[in-house]
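>>> okay, here's the prediction I keep looking at, along with the sequence it came from:
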Protein chains: 2
Amino acid sequence: MTEATRRERLRAETERDIRRQARALLVERGRDAVTLRAIARELGITAPALYRYYDSREDLLLKLADDICTDLAGELDAGLDGLPEDDVAAQVYAVCRGFRRWALGHPQEFALVFASTEAKIGSCDADAAGQVGDQFGRVFLQVAGKLIAAHPLAAEVTGDVPAELHADLAAFRQVLAATVHEQGVEVDEGVLTLGAVHRIAQSWVRLYGHVALEVFGRFPFAVANPEPLFDSMLADLLGDMGLPPQP
Amino acid sequence: MTEATRRERLRAETERDIRRQARALLVERGRDAVTLRAIARELGITAPALYRYYDSREDLLLKLADDICTDLAGELDAGLDGLPEDDVAAQVYAVCRGFRRWALGHPQEFALVFASTEAKIGSCDADAAGQVGDQFGRVFLQVAGKLIAAHPLAAEVTGDVPAELHADLAAFRQVLAATVHEQGVEVDEGVLTLGAVHRIAQSWVRLYGHVALEVFGRFPFAVANPEPLFDSMLADLLGDMGLPPQP
DNA sequence: TGAACTCCGTAAACACCGTTCACTGAACAG
DNA sequence: CTGTTCAGTGAACGGTGTTTACGGAGTTCA
């Protein structure tokens, strides 16, 4: 039945335990508290044992960031679950609101994955094959692709895109197309204009900007009631994308 | 001449040295490398001596963040220096481009001040008196205020602002007015509509969002040529504010 | 079964870290 | 000169990441 040997099962189990403990420490007391010795102590083993599973603390944090991306993607997917297949607007709202909710509820994880100066952590860029690197990026790009496909921005928008941007945006288009395709949804090449992918990038700038500012408390004034501020940004953003207003 | 006693002079001098060393460590090897022992070692003293100057490492980092804000403000002010007093558009461009340039050139400092989960670091919100907390906020808000004053957005924009936002935006308006006033520039109360300050907040979201994404490398695709991407965002943003296009 | 091998976990050690504490000696105030 | 203030010290405590040599259990194969 179980292909795995006893040793392999045990190994997988402790690896899971390690990440779970690391995660708990990160959530409760911040990145600096994710300590090899603290993890080991909690697991009833010694710190050097962890080196059988990870090359270093840095390596563990990297894997942890990957886990977090996957969990976030799962949460966003769950939020997408009950929605009608053809109501792209609702899906976009769900992903954007879900991202904000998750970030506010998991500030330490957000900081690790989305505000880390270590280049290796959570960098969402695609590898050579044009596949997106992490699970969160997958969800975001899938919905973005469906948004473009459902609400084709006229070609006239493309004219606005400066020539210097073409190369980068073409690369982005490829990533988008690959991500959407991976999910089985076909999107017309003609619809995926540079202007459209440019707007997607701008949308990510605004979504990320708002969420990060809120998580880090860096608005230039004390925001007592942040939710409507976010909603107005979101409405604006989706208006720019050609979607009708929606609660 | 010098009112200060010998002891006071020496104290001020070593305090400056401490911050300079701390800053160097932050820049060269990141936040975690800003270590009391490393600073002391470099200064030829022992670590406990630093406790005569700061309550803790955390306290030192907080003061460091304040220094950084002031330096950033100085750099932005310098970029503003040669510009014609009445060309607000040029001033806005200078501040936005200057902020990006600074952030890309000082990623560790940017992360400390603008992406820290510790609430006490760099939180730009105003205190009870309506004064902005840090020097960087001062520069940003001054230029924003002048932008509104020079290019009054018609009152019709205000109608778009949801009622739930009014309280927060009114607070922001107060901060803005106080900051601009502090510099001697008068701005008409009628011009500072809620719609206008709302757009300022949205502009900060986009400026911060782009810069942070670039510093942390979290665009969903590999950006080979980020400058035009920033410029197009900036042009869009200032178009929204009612400014004419500009190189 | 028994030998050979793989590999998880250990203890000890090294070089760091923040922080506290009792102390010295120079600068200062009168 | 006397008493006080205070920057800086050295020792110590408990914490950290990481390396090393080593034991012992799981696995493989003859």
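Good, I have the coordinates.
>>> so which helix or strand takes in the residue nearest the centre of chain A?
By C-alpha atoms, centre = their mean, chain A has its centre lying nearest to A:Phe136, at 3.1 Å. For A:Phe136, the host element (DSSP states H and E) is helix A:135-150.
>>> ok, that helix near chain B or not?
Yes. Helix A:135-150 reaches chain B (C-beta under 8 Å from any C-beta of the partner chain) through A:137, A:140-141. To be clear about C-beta, it is placed using only N, CA and C from the backbone, and glycine gets the same treatment.
>>> do the same with stretch A:58-71
No. Against chain B, stretch A:58-71 shows no contacts by C-beta under 8 Å from any C-beta, the least distance being 10.6 Å.
>>> buried set for that stretch?
Using 16 or more other C-beta atoms under 10 Å in any protein chain shown as the test for burial, stretch A:58-71 gives A:60-69, A:71.
>>> between these, which is closest to A:Arg199?
Within those, distances to A:Arg199 taken as C-beta to C-beta reach their minimum at A:Cys69, with 24.1 Å.
>>> touching, that closest one and A:Phe140? I think so.
No. The pair A:Cys69 and A:Phe140 fails to qualify as a contact (C-beta atoms under 8 Å) at a distance of 10.8 Å.
>>> not counting stretch A:108-118 itself, show me its contacts.
The contact list for stretch A:108-118 (C-beta atoms under 8 Å, 6 or more residues apart in numbering or on different chains) reads A:26-27, A:30-31, A:58, A:61, A:64-65, A:68-69, A:72, A:102-103, A:121-122, A:136, A:208, A:211-212, A:215-216, B:30, B:107-108, B:111, B:115, B:117, B:212, B:215-216, B:218.
>>> keep only those of these that are in helices.
Among these, the members falling in helices are A:26-27, A:58, A:61, A:64-65, A:68-69, A:72, A:102-103, A:136, A:208, A:211-212, A:215-216, B:107-108, B:111, B:212, B:215-216 (criterion: DSSP state H).
>>> and DNA strand D, which of those contact it?
A:Glu58 (C-beta under 7 Å from any atom of the strand).
>>> near DNA strand C, which residues of chain A?
Close to DNA strand C, as judged by C-beta under 7 Å from any atom of the strand, chain A has residues A:7, A:10-11, A:14, A:40, A:44-46, A:48-49, A:52-53.
>>> ChimeraX command for the buried members of these?
Selection of the buried residues among the residues of chain A next to DNA strand C in ChimeraX, burial being defined by 16+ other C-beta under 10 Å:
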select /A:14,40
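>>> can you redo the residues of chain A next to DNA strand C as CSV with distance to B:Asp160, secondary structure and pLDDT?
Formatted as CSV, the residues of chain A next to DNA strand C follow (distance: C-beta to C-beta, whole Å; DSSP: H, G, I helix; E, B strand; the rest coil; pLDDT from 0 to 100):
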residue, distance to B:Asp160, secondary structure, pLDDT
A:Arg7, 64, helix, 82
A:Leu10, 61, helix, 92
A:Arg11, 58, helix, 96
A:Thr14, 56, helix, 97
A:Ala40, 56, helix, 98
A:Gly44, 59, coil, 97
A:Ile45, 59, coil, 98
A:Thr46, 61, coil, 98
A:Pro48, 61, helix, 98
A:Ala49, 59, helix, 98
A:Arg52, 59, helix, 98
A:Tyr53, 54, coil, 98
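>>> could you save the residues of chain A next to DNA strand C as TSV and add columns showing distance to A:Pro244?
As requested, the residues of chain A next to DNA strand C are exported to TSV (distance: C-beta to C-beta, whole Å):
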residue	distance to A:Pro244
A:Arg7	58
A:Leu10	55
A:Arg11	53
A:Thr14	52
A:Ala40	55
A:Gly44	57
A:Ile45	57
A:Thr46	60
A:Pro48	59
A:Ala49	57
A:Arg52	56
A:Tyr53	51
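>>> out of the residues of chain A next to DNA strand C, the closest to chain B would be?
Chain B lies nearest to A:Ala40 out of the residues of chain A next to DNA strand C, by C-beta to the nearest C-beta, at 20.3 Å.
>>> closest residue of chain A to chain B?
In chain A, no residue comes nearer to chain B than A:Gly209, which is 2.2 Å away by C-beta to the nearest C-beta.
>>> now that residue. Nearest residue, chain neighbours left out?
Nearest residue to A:Gly209 in three dimensions, chain neighbours excluded: B:Gly209, at 2.2 Å (C-beta to C-beta, 6 or more residues apart in numbering or on different chains).
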